[in-house]
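S.K.: Below is the structure, and that's it, no one-letter string:
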């Protein structure tokens, strides 16, 4: 299984943070938008993202990105063995990408996202979990009620 560590940090000032992290990593972001930037680094192998999306500054969530549906199925099995409540998002649009993903929260309350990116998206986020009465956020685990609404979605590994 080929995995890439993922860190998403909420920042106050995007241009200032892009300058800082570009200097730290020795390269410009691979994706840069008005509210988001991402570095896909090989050394260290990490998907490091920052955004200014209405959250308190600091670590937003951690994760593992995989390159295939098969690898995502493997992570799903591992998460089930951890006995953590797992929430599923299939075909969701988040952080300018379309992905299938599973969310868990560790014993300390840190959100972990495991995901397989299916392609790029022109918007920051659109979730199949958004309804007229709920406002699902991108890049945060959905609530249990939202997860129930999404049951039966089309993830290849769900089933």
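M.R.: The structure has been received and is ready for your questions. What you see is a predicted model, and the numbers here were worked out from it, not measured in a lab. Numbers count the residues shown, from 1 in each chain.
S.K.: Could you list the low-confidence segments of this structure?
M.R.: Applying pLDDT under 70 to the chain flags residues 54, 121-159.
S.K.: Break down it into its helices, ranges please.
M.R.: 14-25, 69-81, 144-149 (DSSP state H).
S.K.: hmm, who's touching the first one?
M.R.: Okay, so that is helix 14-25. The contact list for helix 14-25 (CB atoms under 8 Å, 6 or more residues apart in numbering) reads 9, 11, 28-29, 32, 34-37, 39, 41, 48, 50-52. Just so you know, the C-beta spots here come from the backbone N, C-alpha and C atoms, and that holds for glycine as well.
S.K.: if you set the cut-off to 7 Å instead, what comes out?
M.R.: Contacts with helix 14-25, where a contact means CB atoms under 7 Å, 6 or more residues apart in numbering, come from 11, 28, 29, 32, 35, 37, 39, 41, 48, 50, 52.
S.K.: what's the distance between stretch 29-40 and the middle of its chain?
M.R.: Averaging C-alpha positions (CA atoms, centre = their mean, to the nearest Å) puts stretch 29-40 14 Å from its chain's average.
S.K.: end to end, how far does it reach?
M.R.: End-to-end distance of stretch 29-40 (CA to CA, to the nearest Å): 8 Å.
S.K.: Number the residues from 24 up from this point.
M.R.: With 24 as the first residue, the last one maps to stretch 52-63.
S.K.: If we go by neighbour counts, what in it is buried?
M.R.: Within stretch 52-63, the residues scored as buried using 16 or more other CB atoms under 10 Å are 52, 59, 60, 61, 62.
S.K.: who touches it?
M.R.: Here stretch 52-63 makes contact (CB under 7 Å, 6+ apart) with 37, 41, 44-45, 48, 50, 70-76, 118-119, 147.
S.K.: The chain: strands as residue ranges?
M.R.: Listed in chain order, the strands of the chain (DSSP state E) span residues 26-33, 54-55, 59-65, 68-74, 81-89, 110-117, 120-128, 134-143, 148-149.
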